[in-house]
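Peer 1: Predicted coordinates and the sequence they were generated for:
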Amino acid sequence: MLEQAQEQQGAYSAPGGMSPGLPGAPPGQEQGYEDEAYPETHGEGAYDSYPNYQPYQDAMGSDVISEIAEQVVSERVSGMQDKLERVIDIRTVLEARMGNLNERLRRLEKIIDTLQLSILQKVGEYVTDVKDLKKEHAETQKSFKVLHRRKSHAHKVHGK
């Protein structure tokens with residue numbers, strides 16, 4: 001766009017009817033050459049045949065600036081948006097995994113609770129069995145004492 005503005009500027013003659021090549025030289029004598037392409041007209045009507053020249057700053061309107069700004073912002077935002085989408089995807093995957101782990105943990109807790117109850121029941125049964133064995137042992141000892149007394153008493157009676 002700058003090049004177009006410079007080309008347009010080069011196509012126009014200098015203001016006041018002066019030649020752009022030599023300061024103070026009359027029109028038509030550019031750097032010592034006579035050229036019929038430059039008409040010798042003076043005054044305000046001399047430049048009416050040429051289109052209006054807009055400086056480079058005016059040629060770049062607010063629409064162009066807005067469009068460039070939008071492109072820059074969208075490029076930077078698109079990178080952040082891609083990263084944000086990846087983070088959201090990772091979050092979704094991690095939430096699913098956490099849900100699975102929580103479910104497995106609940107099942108393990110149930111299994112541990114069941115095992116703990118079973119162990120306590122077995123310990124209770126063993127305690128009962130030990131008590132029963134203790135009673136049986138005591139009864140067996142009584143029986144042996146009675147038998148031992150009888151044998152001792154029979155031994156004494158039959159003499160030795």
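Peer 2: Great, that's in hand.
Peer 1: State the mean pLDDT of the host helix or strand of Ala96.
Peer 2: Assessed by DSSP states H and E, Ala96 sits inside helix 62-158. For helix 62-158, mean pLDDT is 91.
Peer 1: separation between Pro74 and Leu115?
Peer 2: In this structure residue 74 is Ser, not Pro. Separation of Ser74 from Leu115 (CB to CB, to the nearest Å) stands at 60 Å. The C-beta positions use only the backbone N, C-alpha and C, and glycine is treated the same way.
Peer 1: Over to Glu125?
Peer 2: Look at Glu125 and Leu115: by CB to CB, they are 15 Å apart.
Peer 1: Show me how the chain divides into domains.
Peer 2: 2-60, 61-160 (automatic domain parsing).
Peer 1: Compute the number of surrounding residues for Ser62.
Peer 2: 7 (other CB atoms under 10 Å).
Peer 1: my bad, should have said His148
Peer 2: His148: 11 neighbours (other CB under 10 Å).
Peer 1: Could you do Gln71 as well?
Peer 2: By other CB under 10 Å, 10 other residues sit near Gln71.
Peer 1: How about the one 3 residues further on?
Peer 2: Look at Ser74: counted by other CB under 10 Å, it has 11 neighbours.
Peer 1: go on, Asp113?
Peer 2: By the criterion of other CB under 10 Å, Asp113 has 10 neighbours.
Peer 1: how far away is it from Tyr126?
Peer 2: From Asp113 across to Tyr126, the span is 20 Å (CB to CB).
Peer 1: Same check on Thr92?
Peer 2: Taken as CB to CB, the span from Thr92 to Tyr126 is 51 Å.
Peer 1: got it, and Gln81?
Peer 2: Using CB to CB, Gln81 is found at 66 Å from Tyr126.
Peer 1: Arg149 and Lys135, how far apart?
Peer 2: Distance, Arg149 to Lys135, using CB to CB: 21 Å.
Peer 1: repeat for Leu120
Peer 2: Taking CB to CB, one finds Leu120 at 23 Å from Lys135.
Peer 1: what does Val72 give?
Peer 2: For Val72 relative to Lys135 (CB to CB), the value is 94 Å.
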